[in-house]
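**Q** For reference, the sequence and a predicted model appear below.
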Amino acid sequence: MRYAADVGALTRKDLLLELRARDTLPSMLLFVVAVFVVFHFSLPAKSSDLAATGLLWVAIVFTALLALGRAFVPEREQRVMDALVLAPCDRSAIWLAKSLATLTFLAAAEVVALPLFALFFHGINGATVAGVALADLGICTVGTFVGATAVLTRARELIAPLLFLPLAIPLIIGGVGASVVAAPGRYLGFLALYDLLFALLCWAAFEYVVTE
């Protein structure tokens with residue numbers, strides 16, 4: 001119960017900071033809308049639905065990078081990361097709270113992005129929505145871990161994408177597969193397995209990242 005309370009308090013802190021500053025979510029919305037507009041006018045008229053679906057997943061990953069890039073910015077700017085590490089709570093609660101807050105921002109952006117994609121390109125089925133939901137979990141858990149790894153480095157804006165994008169490739173493969181095949185079960189299962197495996201790894205290893 002104490003662990004859940006710590007996660008809840010840290011998540012509320014991040015959400016309240018975003019509501020006051022309005023930095024992350026508006027930039028994500030503007031970016032994803034701009035990307036779909038550019039794709040809409042740049043793709044040939046006879047492009048396949050498969051090509052458009054691939055662009056959807058590219059847009060999701062790069063939109064998520066905006067949120068992940070700012071995940072630990074308040075702690076860095078206010079120099080409170082050391083205080084969070086020294087707080088009397090499990091350090092993995094910091095990672096979980098950041099992941100939940102980032103997931104909230106990403107889901108809010110996708111509430112706009114997915115209908116916009118359907119308007120510009122083609123309709124979205126239930127398998128695509130399920131794939132997006134599972135991929136979001138993987139993106140946020142792995143991306144938050146990578147963001148914590150890179151936040152104290154000098155070239156953090158460069159290192160974080162370089163570390164995150166290779167890890168996101170399986171999510172793109174699983175997401176595109178779930179969106180285009182007739183029987184998406186194995187791709188959705190692959191995404192769920194990815195989420196479970198990397199969530200456990202990040203949860204177990206986060207303490208060593210922040211203490212180093």
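**A** Perfect, thanks for sending it.

**Q** got a list of contacts for stretch 33-43?
**A** 51-52, 55, 59, 62-63, 112-113, 116-117, 120-121 (C-beta atoms under 8 Å, 6 or more residues apart in numbering). Bear in mind the C-beta positions are built from the backbone N, C-alpha and C, glycine included.

**Q** need the helix or strand of this structure with the lowest average pLDDT.
**A** Least confident helix or strand of the chain, by mean pLDDT, DSSP states H and E, is helix 81-86 with a mean of 66.

**Q** Do I have it right that L66 meets S27?
**A** Yes. Between L66 and S27 there is a contact under C-beta atoms under 8 Å: 5.5 Å.

**Q** Just want to know which of the two has more residues nearby.
**A** Of the pair L66 and S27, L66 is the one with more neighbours under other C-beta atoms under 10 Å, namely 20 against 17.

**Q** Not counting its neighbours along the chain, what's nearest the more buried one?
**A** Closest residue in space to L66, ignoring its immediate chain neighbours: M28 at 5.1 Å, by C-beta to C-beta, 6 or more residues apart in numbering.

**Q** The one you found: what's it in contact with?
**A** Counting by C-beta under 8 Å, 6+ apart, M28 has contacts 63, 66-67, 105-106, 109.

**Q** following the strand or helix carrying it, which helix or strand shows up next?
**A** Taking DSSP states H and E as the criterion, M28 maps to helix 24-42. Next along the chain after helix 24-42, taking DSSP H and E as the criterion, comes helix 49-69.

**Q** looking at it, F190 is touching V176, isn't it?
**A** No. F190 is not in contact with V176 according to C-beta under 8 Å; the separation is 11.6 Å.

**Q** Would you state the helices of the protein in chain order?
**A** Ranges of helices in the chain, per DSSP state H, are 2-21, 24-42, 49-69, 73-78, 81-86, 92-120, 126-150, 156-180, 185-211.

**Q** Burial-wise, tell me which of these comes out on top.
**A** Across the helices of the chain, the average number of neighbours (mean count of other C-beta atoms under 10 Å) peaks for helix 126-150, which reaches a mean of 22.

**Q** how big is the angle separating it from helix 92-120?
**A** Using axes from the mean of the first three to the mean of the last three C-alpha atoms, to 10 degrees, the inter-axis angle of helix 126-150 relative to helix 92-120 is 140 degrees.
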